[in-house]
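Peer 1: Could you look at this predicted model? Sequence included:
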Amino acid sequence: MSRLARLILRVATMLACLAPIKLVAETLTIGTMNQGIRTQMKIYEPFAAHIEREMRGTEIKSVRLMVVPNADQMADAIRRNEVDIFIDSPLVAGKVARMSGAQPFLRRLQQGSRAHYSVIIARKDSGISTVADLEGKTIAFTEPDSCVGYLLPAHIIVKNGLGLREIMSREQLARPGEVNFRFSSHEKNTIYQIATDRVDAAAVSLDSLLSLREARPGEYRIVASSSQFPRQVLLYRDNMDANILSDLRAILLAMPETEEGRNVLRKLENTSGFEDFPKGPNPLFARINMILDDLSAAGIK
């Protein structure tokens, strides 16, 4: 092959590699996390379709979803420019922001939602009434990337001077100064474990506690409560086009103003709307980062 032919082939190959870049630039990808990918896709598909319709006439031609099971994979997808917008609970979003460089965008509001925080509960006859009483006991958490089901209650425990150790069986005894824990994979399983005395305590949302108290009145007490946070926050990758980001912000803020928008929001886990951070994102993320720093110092990632 002649030098000229090789040069032409090289240029053609480069152009072929560059061709998909325009397609990617015309696609907005919304990222979310869940172990059940199909279920999560079904929840978010009407939302993605609405955004796609509303963005007609802008640089965005299509909107797609990416569901991954954990924060590490989401951060990697954002770093690779495979995800543009990420939606999750505040501490999980904070973890992803640290790993990926993503920036705070908006917060999501949930209709009829009570305050969003974590409670550590125990049976009233368990002898556990304070966090200190958890020493040597076993607590059920939900999963490693759960704000209410792990990160917030774990922070309560370590700030009270106790260590945490994951166990695989009930026979493993806690060491002095430690609390044993295991992950249940779902809050319903967490409730089942404490209701059937498989654990001494559990970390759950306020809604789950109220449901448990309704089913079994007078049996459970709150040992400790976390500070309150917004239900969820949105991040954007830090190299997003400013015009696209501005168009998307306007669309999200306007959703409650139309019947179609309100219907789509209700399908998105009963969302009532999106809004800017009332005092800007810095105060909220300062709290988030303080908690993440404390957890990191305790060996919890």
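Peer 2: Looks like it arrived, so ask away.
Peer 1: nearest residue to L292 other than its sequence neighbours?
Peer 2: G94 (5.6 Å; C-beta to C-beta, 6 or more residues apart in numbering). All C-beta spots, glycine's among them, are computed from the backbone N, C-alpha and C.
Peer 1: Quick one: residues contacting that neighbour.
Peer 2: The contact partners of G94, by C-beta atoms under 8 Å, 6 or more residues apart in numbering, come to F285, I288, N289, I291, L292.
Peer 1: A helix includes the second one, no?
Peer 2: Meaning I288. Yes: applying DSSP: H, G, I helix; E, B strand; the rest coil, one finds I288 inside a helix.
Peer 1: That one against V92, yeah?
Peer 2: No: contact criterion C-beta atoms under 8 Å: I288 and V92 do not qualify, at 9.7 Å.
Peer 1: In the sheet, which residues pair with D88? Tell me.
Peer 2: Residues in a beta bridge with D88, per DSSP bridges, are V233.
Peer 1: I'd say it and I30 touch.
Peer 2: No: the criterion here is C-beta under 8 Å, and D88 misses it with I30 at 11.4 Å.
Peer 1: between these two, who's got more neighbours?
Peer 2: D88 (23 against 20; other C-beta atoms under 10 Å).
Peer 1: what's the pLDDT at the more buried one?
Peer 2: For D88, the model assigns a pLDDT of 96.
Peer 1: Show the contacting residues for it.
Peer 2: D88 neighbours (C-beta under 8 Å, 6+ apart): T32, M33, M74, V96, C147, Q232, V233.
Peer 1: Give the buried subset of the contacts of G94 as a ChimeraX selection command.
Peer 2: Listed next is the ChimeraX selection for buried residues among those, using 16 or more other C-beta atoms under 10 Å:
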select :285,288,291,292
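Peer 1: Mind listing the residues bridging to R165?
Peer 2: N180.
Peer 1: All the strands of the chain, in order from the start?
Peer 2: 27-33, 62-68, 85-88, 103-110, 118-123, 138-141, 163-166, 178-183, 201-205, 220-225, 232-236, 271-275 (DSSP state E).
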